[in-house]
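Asks: Okay, predicted coordinates and the sequence, questions at the end:
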Amino acid sequence: MRDLLKNPVALLLATGALIGFNFPLGKISAEAGVPPMVWALVLSAGVCLTLLPLLLLGGKFSFPKGKAIRYVVISAVISFVIPNILLFTVIPHVGSGFSGLMFALSPVFTLTISLMARLKGPSFLGVVGIVLGLIGATIVSFSRSQHADVSSYFWILAALAVPLSLAFGNVYRTIDWPEGESPDALAFWSHAVAVIIYLILLGYQQNLEMTWSVFNVPEALLFQLVFAGMTFPLFFRLQKAAGPVLLSQIGYVAAAVGLLAATLFLGEIYSPLTWVGAAVITVGICVTIAAEIRKPKRVALAV
């Protein structure tokens, strides 16, 4: 098990698959009248509720200091608060499967920003995987926009802001990772800050009482808390073990899982062209994994 927690490919597949379930759960919550910001709060609360007892029992709990304070605050805003509020806002308008596919664009944005920040880029095979994923996402976007009206175009553009925000977060978390801090502690404190921001925003909007609406969907609430608690300890391990470009490719896995889950559990119907795009994305995932396997072994991650 400890070997899997250090393996970038295993972390990539597990994290992406878990994130893929956020999309149908987000749609269920929206249909039950839960505001997007409240559901984003649930996601971050799930991480905190899972990690706090583990950190306390393991004797690893401590308050962030110095650079770590800046890291968790900025990570909370650009990696979780902005993209999650956007995500859960657009899901009712463009569908959970399509929203998931927008995650497939984050590798391209992340690669671009990484090169601008002069971080080490992927191998040629890795670039091929990213390009295939972009082609697949483009096909899916085209298939969705064929029947869209003006209002739909607005929400499609809003959905595109999600991978852009994720890309900035992916690069920032690598560039500014505080020396000596553990992935679990950074995951906990980043989401703890996100919870505080959500509560402040809800209070400012005089919508704190809307937090009770999560109990309209108790089963979805439980699944979201559990999935979030499982996702982000893996997410931060992948960040440290593999860097921003490979991490961003969880978007391909999440997109595929989200589309399948939306079809199987929510009855969403997509055109054959959408499935062609999804198939191309899947090929991109396979090429990315092949590129990662062919890389020299990375330095082991302390967990």
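Replies: Nice, thanks for sending it over. Residues are numbered from 1 along each chain as shown.
Asks: After the helix or strand bottoming out on mean pLDDT in the chain, which helix or strand is next? Please name it.
Replies: Here the helix or strand of the chain ranked lowest by mean pLDDT, DSSP states H and E is helix 96-102, holding a mean of 67. Sequence-wise, the next helix or strand downstream of helix 96-102 (DSSP states H and E) is helix 106-116.
Asks: C-terminal to that next one, which secondary structure element comes first?
Replies: On the C-terminal side of helix 106-116, the nearest following helix or strand under DSSP H and E is helix 124-145.
Asks: And that next one, what's buried?
Replies: 126-130, 132-134, 136-137, 139-141, 143-144 (16 or more other CB atoms under 10 Å). The C-beta positions use only the backbone N, C-alpha and C, and glycine is treated the same way.
Asks: got it, and stretch 185-200?
Replies: By neighbour count on 16+ other CB under 10 Å, the buried set for stretch 185-200 is 185-195, 197-198.
Asks: Select from those every entry located in strands.
Replies: In strands, judged by DSSP state E, none of these are found.
Asks: Which of those residues sits closest to residue 211?
Replies: residue 198 (9.1 Å; CB to CB).
Asks: Test my guess that that closest one contacts residue 36.
Replies: No - with contact taken as CB atoms under 8 Å, residue 198 and residue 36 are classed as non-touching, separated by 10.4 Å.
Asks: Format the buried residues of stretch 185-200 as TSV; extra columns: distance to residue 85 and pLDDT.
Replies: What follows is the buried residues of stretch 185-200, written out as TSV (distance: CB to CB, whole Å; pLDDT from 0 to 100):
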residue	distance to residue 85	pLDDT
185	25	93
186	21	92
187	19	92
188	20	95
189	20	96
190	15	95
191	14	94
192	17	96
193	15	96
194	10	95
195	13	95
197	10	95
198	8	93
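Asks: Those residues into JSON lines, with extra columns for distance to residue 66?
Replies: Rendered in JSON lines, the data for those read as follows (distance: CB to CB, whole Å):
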{"residue": "185", "distance to residue 66": "14"}
{"residue": "186", "distance to residue 66": "13"}
{"residue": "187", "distance to residue 66": "18"}
{"residue": "188", "distance to residue 66": "17"}
{"residue": "189", "distance to residue 66": "13"}
{"residue": "190", "distance to residue 66": "16"}
{"residue": "191", "distance to residue 66": "20"}
{"residue": "192", "distance to residue 66": "17"}
{"residue": "193", "distance to residue 66": "15"}
{"residue": "194", "distance to residue 66": "20"}
{"residue": "195", "distance to residue 66": "22"}
{"residue": "197", "distance to residue 66": "21"}
{"residue": "198", "distance to residue 66": "25"}
